[in-house]
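[1] Here's my sequence, what's the structure:
(one chain, ligands or ions: 2)
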Amino acid sequence: MPLFSFNHIQNLFVKVLRKKLVRGLIGTLILLLVLDWGFPLRVNPQYSTIITDSDNKILHAFLNRQDKWRMQTELNEITPTLAKAIIFKEDRWFRYHFGVNPLAIARAATRNILKGRRTSGASTITMQVVRLLYPRKRTYFNKVIEILRAFQLEWHYSKDEILQLYLSLIPYGSNIEGLKSASVLYFQKSPDVLSLAEVTALTIIPNRPSSLRLGINNAYILQERNRWLQRFAQAQLFAQQDIDDALTEPLNVKRHEAPKLAPHLAIRLRKEYAQLPIIHTSIRRNSQLTIEKIVHNYVTRLYAMNIHNAAVVVINNQTHQIESYIGSADFDSPIDGGQVDGVRAVRSPGSTLKPLLYGIAFDEGIITPKSTINDVPSNFSGFEPENFDKQFHGKVTVEFALANSLNIPAVKMLKEISTPLMVDKLKKADFLTIKKSASTLGLSLALGGCGVSLEELSNLFSAFANKGDFVKANLIQSSEKMPAVPILSEESTFLINQILSQVTRPDLPNNYEYTYRMPKIAWKTGTSFGKKDAWSIGYNAHYTIGIWVGNFSGEGVPELSGANIATPLLFDIFNTIDYNSHTRWFLPSNQLALRKVCAESGALPSEYCEHPITDYYIQGISHTQTCTHTKATWVNPTATISYCSVCLPDSGAIQKRYPNYAPELITWYESKHIQYARIPPHNPKCTNVFNSNAPIISYPTDGAEYILAANDTPKLMLSCQAGNDIKAVYWYINDKLLQKAPATEAIFFRPESGKVKISCTDDKGRNTNIWIKVKKE
Ligand SMILES: [Zn+2]
Ligand SMILES: [Zn+2]
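    Numbering: from 1, shown residues only. Ligands and ions are numbered 1, 2, ... in the order given. Below you'll find the predicted structure:
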């Protein structure tokens with residue numbers, strides 16, 4: 001028996017061969033992996049940024065960094081017609097090969113050898129994509145590289161994605177690349193709505209982009225188009241009827257400008273989403289265009305008053321999306337910087353934060369709508385706010401104070417709830433400038449002493465329409481749900497909504513009833529200090545609309561006011577986009593109930609309260625104080641002398657009830673000569689010295705520094721608030737009597753430089769001291 005039989009040798013040979021084959025395959029695979037790792041595909045086509053509306057139609061398009069129109073064709077824009085036509089024309093086996101078509105290469109190679117010239121017939125769509133991504137000279141070596149790259153592309157991308165890349169990169173002459181760019185710039189539509197004739201025209205141009213220029217060689221393109229349509233017919237690619245229709249379709253296109261709508265928003269989003277070729281916004285095209293027109297026309301009418309700009313935001317309260325975004329009256333206007341984005345500009349909010357302020361106070365249980373508050377001159381450590389109309393209204397209800405946007409009650413309310421609490425709520429509502437400057441904010445915050453943007457304000461008001469939950473409105477379509485941050489309770493927002501929808505307000509536009517057939521809305525106006533900004537923010541369950549009117553230059557205008565200038569525009573826009581809507585008004589929640597309160601104070605009626613009225617309150621939250629609007633006082637039978645417990649005679653005195661007004665209100669009544677039931681003067685024979693209820697020095701301010709001109713004869717005013725049974729007070733400067741004066745009268749004195757002690761003693765001996773510093777220039 002031989003050592004090695006033939007079979008043995010054969011087996012050995014097969015074994016070796018198999019081993020080699022396996023090794024070879026593994027080797028090739030490793031080589032490919034190393035190549036793929038060492039030479040990764042860089043697919044970064046630098047598309048033109050496209051901004052779409054809520055229907056995914058182009059609102060605005062930007063040139064890419066190489067100043068080319070290279071718009072990305074989206075997968076859903078590649079219709080079966082388009083895919084069929086392009087694959088039939090360019091690469092019939094596209095769906096089946098793995099990057100190269102060996103048969104086509106063999107055929108082309110034979111042809112090259114036979115005819116001695118090179119043709120590009122062997123290129124698949126994949127290889128064309130490689131060439132568009134990495135343009136190279138046409139050499140055999142580069143061809144090999146292209147083939148390897150084609151494999152790589154097929155390895156990493158699906159067929160649909162490769163087709164998408166192809167359609168997005170093919171040339172159309174001039175600076176136009178990609179079928180979508182051509183479709184938009186010539187046919188003014190997106191690829192998914194092109195007709196068969198249009199698709200055919202667009203598929204033939206990339207082969208000869210310089211000789212087949214749309215708008216220039218239309219007749220020739222038409223001829224070529226119809227030639228290809230006939231070939232499609234022969235191949236039975238489409239129904240004959242469709243081909244016949246396409247053959248008769250004329251071709252009268254020319255190049256158009258790229259869409260440039262909603263420019264402020266487009267510029268903003270391109271920056272914020274720099275990595276996205278297509279940004280899908282929530283903008284409703286029709287409302288956007290209509291409001292742009294309304295704003296432009298409205299501001300044109302204000303030119304004569306030297307008012308040049310306005311900005312508008314429309315938020316859909318149900319979807320929490322921004323549906324219109326108008327940054328200025330005219331983007332292209334060089335007057336007053338049309339390109340400034342008024343939606344994001346930081347301005348002073350005027351009175352527009354007051355609803356939040358009162359809302360917080362409702363939730364703190366401090367007030368209810370019928371609670372009363374004194375609108376009288378007040379001094380908050382040197383801060384002496386005035387009302388918009390320079391008038392004071394005395395005792396008013398909270399709902400009156402808010403509806404009429406009174407300043408003193410708002411500052412008092414902020415003092416009561418504390419500035420940090422208000423700032424905390426504003427931070428939760430994503431007010432960025434307020435976040436940054438939180439530590440510097442004081443009581444002036446109630447009147448707009450801070451920086452806000454129209455977008456921030458509109459988002460805040462949208463929370464009033466959303467049961468007090470703050471949801472930041474989205475600018476782009478997103479499946480991601482924004483978090484809801486509770487700012488106010490549902491009960492509190494309902495109270496705010498009721499007050500802000502009263503149609504008996506001074507900030508209602510003139511002829512409101514005749515001009516507008518408005519849906520019911522709640523709204524708040526604001527005018528910043530120096531009349532630089534007019535605001536009006538309105539909402540119902542459906543929309544929140546924010547309006548700003550003013551000059552980007554910051555120039556103030558005497559006529560500028562939220563009520564007269566911004567509100568008519570708000571009503572116009574609401575009337576336009578929400579006309580005839582059937583949105584229901586907000587309903588009170590279960591925690592909100594009605595109760596009887598005293599009309600004089602808004603507190604629960606005592607046995608002496610004669611005018612009970614109905615008021616809302618939040619169960620378990622709102623205060624339950626009993627009214628003390630009157631107090632019992634011992635007087636003589638003719639009510640000309642009052643007594644205290646020390647001087648009360650054993651007989652002959654009677655008890656009478658007098659209004660229990662705060663000293664500040666009495667001071668104001670006296671200064672305005674308003675009649676009220678005064679407590680008779682206190683028994684002159686009384687020996688009691690009262691320690692409480694000393695007069696309050698309302699001016700100057702304790703601890704303040706006053707700088708006075710040295711040359712002329714400067715005087716400082718002295719005024720105080722004393723109880724309503726006080727007739728006269730004694731003013732002392734540095735413990736020396738200056739003057740006796742009626743308690744309600746201001747007097748003047750000439751101070752020395754340096755530290756000055758000021759004392760005020762009433763006719764019952766109750767005394768208050770303050771110290772000020774006086775400097776002379
Ligand atoms: Zn009462
Ligand atoms: Zn007495």
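
[2] Residue numbers of this structure in contact with ligand 2?
    Contact residues (CB under 5 Å from the ion) of the chain with ligand 2: 644, 646-647, 683, 686, 688. The C-beta positions use only the backbone N, C-alpha and C, and glycine is treated the same way.

[3] Most neighbours among those, which one?
    Greatest neighbour count in the residues of the chain next to ligand 2, by other CB atoms under 10 Å, goes to Asn683: 20 neighbours.

[4] can you pull the contacts of the residue nearest to it when sequence neighbours are not counted?
    Nearest residue to Asn683 in three dimensions, chain neighbours excluded: Cys647, at 4.5 Å (CB to CB, 6 or more residues apart in numbering). Shown in contact with Cys647 (CB atoms under 8 Å, 6 or more residues apart in numbering): 683, 685-688.

[5] could you redo the last one with a cut-off of 10 Å?
    Each residue near Cys647 by CB atoms under 10 Å, 6 or more residues apart in numbering is listed here: 634, 641, 653, 682-688.

[6] filter these to the buried ones?
    Buried by 16 or more other CB atoms under 10 Å: 634, 641, 653, 682-683, 686, out of the contacts of Cys647.

[7] Between the residues you listed, which has the least confident prediction?
    The member of those with the lowest pLDDT is Cys686, at 77.

[8] just checking, that residue touches Trp634?
    No. Judged on CB atoms under 10 Å, Cys686 makes no contact with Trp634 at a distance of 11.4 Å.

[9] which neighbours do those two share?
    By CB under 10 Å, 6+ apart, the residues touching both Cys686 and Trp634 are 641-644, 647-648.

[10] Mind jotting down where the helices sit in the stretch 251-400 of the chain?
    Here the stretch 251-400 of the chain has its helices, by DSSP state H, counting those that start in this stretch, at 263-272, 285-302, 354-363, 398-403.

[11] Show me the residue at the heart of the protein, geometrically.
    Glu455 (2.0 Å; CA atoms, centre = their mean).

[12] Would you list the phi and psi of that one?
    phi -60, psi -40 (degrees, to the nearest 10).

[13] so what does the helix or strand Leu495 falls within touch, helix or strand wise?
    Applying DSSP states H and E as the criterion places Leu495 in helix 490-500. Contacts defined by 3 or more CB pairs under 10 Å, 6 or more residues apart in numbering; DSSP states H and E place helix 490-500 against helix 354-363, helix 398-403, helix 454-464, strand 522-527, strand 533-539, strand 592-598, strand 612-618.

[14] Return the distance of it from the chain's centre.
    With CA atoms, centre = their mean, to the nearest Å as the basis, helix 490-500 stands 21 Å off its chain's centre.

[15] How about stretch 537-555?
    Distance of stretch 537-555 from its chain centroid, counting by CA atoms, centre = their mean, is 10 Å.

[16] And stretch 30-44, by the same measure?
    For stretch 30-44, the distance to the chain centre is 46 Å (CA atoms, centre = their mean).

[17] Give me the distance between the two termini of it.
    Counting by CA to CA, to the nearest Å, you get 26 Å between the two ends of stretch 30-44.

[18] Not counting its own residues, what contacts that stretch?
    With CB under 10 Å, 6+ apart as the test, stretch 30-44 has contacts from 129-130, 133-134, 145, 148-149, 151-153, 155-157, 161, 165.

[19] Can you flag the buried ones in these?
    129-130, 133, 148-149, 151-153, 157, 165.

[20] Looking at these, which are in helices?
    Using DSSP state H, the subset of those located in helices is 129-130, 133, 148-149, 151-153, 165.

[21] among these, which two are most distant?
    Pairwise distances across these (CB to CB) peak at 17.3 Å, for the pair Leu148 and Leu165.

[22] Now tell me which helix or strand of this protein has the poorest mean pLDDT.
    helix 512-515 (a mean of 62; mean pLDDT, DSSP states H and E).

[23] circling back: closest to ligand 1 among the ones in helices among the buried ones among the contacts of stretch 30-44?
    Nearest to ligand 1 among those: Leu165, at 78.8 Å, using CB to the ion.

[24] which residues of this protein score low on pLDDT?
    Filtered on pLDDT under 70, the chain yields the residue ranges 1-6, 115-122, 510-516, 689-692, 710-714.

[25] now stretch 402-410: how far from the chain's centre is it?
    25 Å.

[26] Could you do stretch 582-600 as well?
    Chain-centre distance of stretch 582-600: 29 Å, with CA atoms, centre = their mean.

[27] what's the span of that stretch, first residue to last?
    38 Å.

[28] In that stretch, which residues are buried?
    So for stretch 582-600, counting by 16+ other CB under 10 Å, buried means 583, 586, 591-592, 595, 597-600.

[29] re earlier: can you convert the residues of the chain next to ligand 2 into JSON lines and add a column each for secondary structure?
    Formatted as JSON lines, the residues of the chain next to ligand 2 follow (DSSP: H, G, I helix; E, B strand; the rest coil):
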{"residue": "Cys644", "secondary structure": "coil"}
{"residue": "Val646", "secondary structure": "coil"}
{"residue": "Cys647", "secondary structure": "coil"}
{"residue": "Asn683", "secondary structure": "coil"}
{"residue": "Cys686", "secondary structure": "coil"}
{"residue": "Asn688", "secondary structure": "coil"}
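
[30] Filter the buried ones among the contacts of Cys647 to keep only those in contact with ligand 1.
    Okay, of these, nothing touches ligand 1 (CB under 5 Å from the ion).

[31] near ligand 1, which residues of the stretch 251-400 of the chain?
    Counting by CB under 5 Å from the ion, the stretch 251-400 of the chain has no residue next to ligand 1.

[32] can you tell me which residues contact the residue in the stretch 251-400 of the chain positioned nearest to ligand 2?
    Residue nearest to ligand 2 within the stretch 251-400 of the chain (CB to the ion): Asn374, separated by 27.4 Å. Asn374 is in contact with 392-396, 401, 408-409, 412, 661-662, 664-665, 668, counting by CB under 10 Å, 6+ apart.

[33] which of these count as buried?
    Applying 16+ other CB under 10 Å to the contacts of Asn374, the neighbour count classes 392-393, 395-396, 401, 408-409, 412, 661, 664-665, 668 as buried.

[34] mind listing what's buried in stretch 74-88?
    Using 16+ other CB under 10 Å as the burial criterion, the residues of stretch 74-88 that qualify are 74, 77-78, 81-88.

[35] Let me know how buried Glu384 is, in neighbour terms.
    When neighbours are counted by other CB under 10 Å, Glu384 comes out with 14.

[36] make that Val14, sorry
    Counted with other CB under 10 Å, Val14 comes out at 10.

[37] before we move on, what SS does it have?
    In three-state terms, and counting by three-state DSSP, Val14 is helix.

[38] now Pro558
    Secondary structure, three-state DSSP: Pro558 is coil.

[39] Apart from its chain neighbours, what residue comes closest to it?
    Pro558 sits nearest to Lys531 (CB to CB, 6+ apart), 6.1 Å away.

[40] shouldn't that neighbour be in contact with Leu560?
    Yes. If you go by CB under 10 Å, Lys531 and Leu560 touch, sitting 4.4 Å apart.
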